[in-house]
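Peer 1: predicted model and sequence follow; I will ask about them next.
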Amino acid sequence: MNDTLTLLLYILLGVVVLGALLAFFLRKPKAPKGGYDSTRDANDQAEAPGSDLDRPAPVAGRLVRLRERLARSNNLLGKGLLALLSRDKIDQDVWDEVEETLLMADLGSGPSERLVSALQQRVRVEGTEDPAKVKQMLNEELLKIVGPDMDRSLKLDGEGENPGVVLVVGVNGVGKTTTVGKLARVMVAEDKKLLLGAADTFRAAAADQLETWGSRVGVETVRSDKDGADPASVAFEAIKQGKARGDIDTVMIDTAGRLQNKAGLMDQLGKIKRVVEKEAPVTEVLLVIDATTGQNGMIQAKVFAEVVNITGIVLTKLDGSAKGGIVVAIQEELGVPVKLVGLGEGPDDLAPFDAQGFVDALLD
Ligand SMILES: Nc1nc2c(ncn2[C@@H]2O[C@H](COP(=O)(O)OP(=O)(O)OP(=O)(O)O)[C@@H](O)[C@H]2O)c(=O)[nH]1
């Protein structure tokens, strides 16, 4: 009887000790003194990036700004022509002056002659010299030679797994790096995912400049750590990374088109294109030309066109030029459309070109 009681006491003691142990190990963790600082764990990510990025201005309607920029300049194609055609009598002397003005505005001799003879004929046939009507005729005839039907769309997308590849070429100082930066903003405004490649390795600061443009809108730049690295290898690396990411629509490459001589340029750009195309086809080659350089710009354009297959022209600094005729002359000479125009130094001063918008900006 005594033995049974002792056994029961031991069992009871065992249950109590086991219960106490369980209670100790299963207790809730205590909050630190003063509570938690925030609901975020220490290893949680900080605010998602993006809050301090620039929001590029909408792209549609940017060409309208050309009108206000030109209003400040001595716009030959617009103000100059309209003044001549508003004279009381439009005789042969006036037509000669019109043609001279067109030539001075860099329109080129072929287009200038065509425009004058088309206008002359209409004024004769329609039998009117009323300035408002002549202005309307000028608008229509100028539009025809600027080319309202040219395909000015940018080929930014690749096929299948490949991103689109845009090469931006042109001599130094024309506004090439700035254009790549502005165009990156245009693409971001249109919800494209892109990557930049800093293949302008001649000027040490060019890669920094490009990286700054990109980082303002959350776009990464592939660059080399070494000054003077092989531009083709930087371009290749950018395309490779763009492909590997899987979500990149377009890789845009800024090149250094030093125009010491044609053979050197051909070597450099030819190599970039060859090497890049081992990874993905180039979808767009944009030649950047400074509108204020006139004939010099034309000569550069021809050299580049002989070296690479240009698919579009970007005409920069149109805001500072009284000679918008270069748009027509370059298209005529190269058979390639002007796709974008630079309208100033502001980050969103790059506009898709359209013929009617351009003519309206000139003549209003
Ligand atoms: N007014 C005006 N200035 C422009 C325009 N586009 C570029 N610029 C200016 O032109 C200058 C040269 O631009 P960059 O982009 O450095 O020229 P770049 O051709 O890239 O020169 P590298 O990088 O040496 O090849 C800068 O001061 C730009 O702000 C434009 O459309 N209008």
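Peer 2: That came through fine.
Peer 1: chain neighbours aside, what residue packs nearest to Ala184?
Peer 2: Val219 (5.3 Å; C-beta to C-beta, 6 or more residues apart in numbering). (Each C-beta comes from the backbone N, C-alpha and C, glycine too.)
Peer 1: now that neighbour: how far from Lys278?
Peer 2: Distance, Val219 to Lys278, using C-beta to C-beta, to the nearest Å: 24 Å.
Peer 1: more crowded one of those two?
Peer 2: The residue with more neighbours, out of Val219 and Lys278, is Val219; 22 against 9, by other C-beta atoms under 10 Å.
Peer 1: right, and the more buried one touches Leu196 too?
Peer 2: Yes. Counting by C-beta atoms under 8 Å, Val219 touches Leu196, with 6.0 Å between them.
Peer 1: touching both of those two, which residues are there?
Peer 2: Common neighbours of Val219 and Leu196, using C-beta atoms under 8 Å, 6 or more residues apart in numbering, are 184, 213.
Peer 1: quick check: closest non-adjacent residue to Ala229.
Peer 2: Distances taken as C-beta to C-beta, 6+ apart place Thr201 nearest to Ala229, at 4.9 Å, with adjacent residues excluded.
Peer 1: could you report the pLDDT at that neighbour?
Peer 2: At Thr201, the model reports a pLDDT of 85.
Peer 1: can you check Thr6 too?
Peer 2: 74.
Peer 1: element containing it, please.
Peer 2: helix 2-25 (DSSP states H and E).
Peer 1: what helices or strands is the very next helix or strand once past that helix leaning on?
Peer 2: Downstream of helix 2-25, the next assigned helix or strand under DSSP H and E is helix 65-71. For helix 65-71, the packing partners by 3 or more C-beta pairs under 8 Å, 6 or more residues apart in numbering; DSSP states H and E come out as helix 355-363.
Peer 1: tell me the helices and strands packed up against the helix it packs on.
Peer 2: Packed against helix 355-363 by the contact rule (3+ C-beta pairs under 8 Å, 6+ apart) you find helix 65-71, helix 131-146.
Peer 1: in the protein, what residue lies closest to the ligand?
Peer 2: Nearest to the ligand, among the residues of the chain, is Gly342, at 2.3 Å (C-beta to the nearest ligand atom).
Peer 1: surely that residue and Thr316 touch.
Peer 2: Yes. With contact defined as C-beta under 8 Å, Gly342 reaches Thr316; the gap is 3.4 Å.
Peer 1: what is in contact with these two at once?
Peer 2: With contacts taken as C-beta under 8 Å, 6+ apart, Gly342 and Thr316 have 175, 178-179, 291 as neighbours in common.
Peer 1: now the two most distant members of those.
Peer 2: Of all pairs drawn from those, the greatest distance, 13.8 Å, lies between Thr178 and Ala291 (C-beta to C-beta).
Peer 1: more neighbours, the two?
Peer 2: More crowded of Thr178 and Ala291, by other C-beta under 10 Å: Ala291, with 26 against 21.
Peer 1: what sits against the closest residue to Leu76 other than its chain neighbours?
Peer 2: Excluding its sequence neighbours, the residue lying closest to Leu76 (C-beta to C-beta, 6+ apart) is Ala105, at 4.0 Å. The contact partners of Ala105, taken as C-beta under 8 Å, 6+ apart, are 76-77, 80, 322-325.
Peer 1: redo those as JSON lines? Include secondary structure.
Peer 2: What follows is the contacts of Ala105, written out as JSON lines (DSSP: H, G, I helix; E, B strand; the rest coil):
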{"residue": "Leu76", "secondary structure": "helix"}
{"residue": "Leu77", "secondary structure": "helix"}
{"residue": "Gly80", "secondary structure": "helix"}
{"residue": "Ala322", "secondary structure": "coil"}
{"residue": "Lys323", "secondary structure": "coil"}
{"residue": "Gly324", "secondary structure": "coil"}
{"residue": "Gly325", "secondary structure": "coil"}
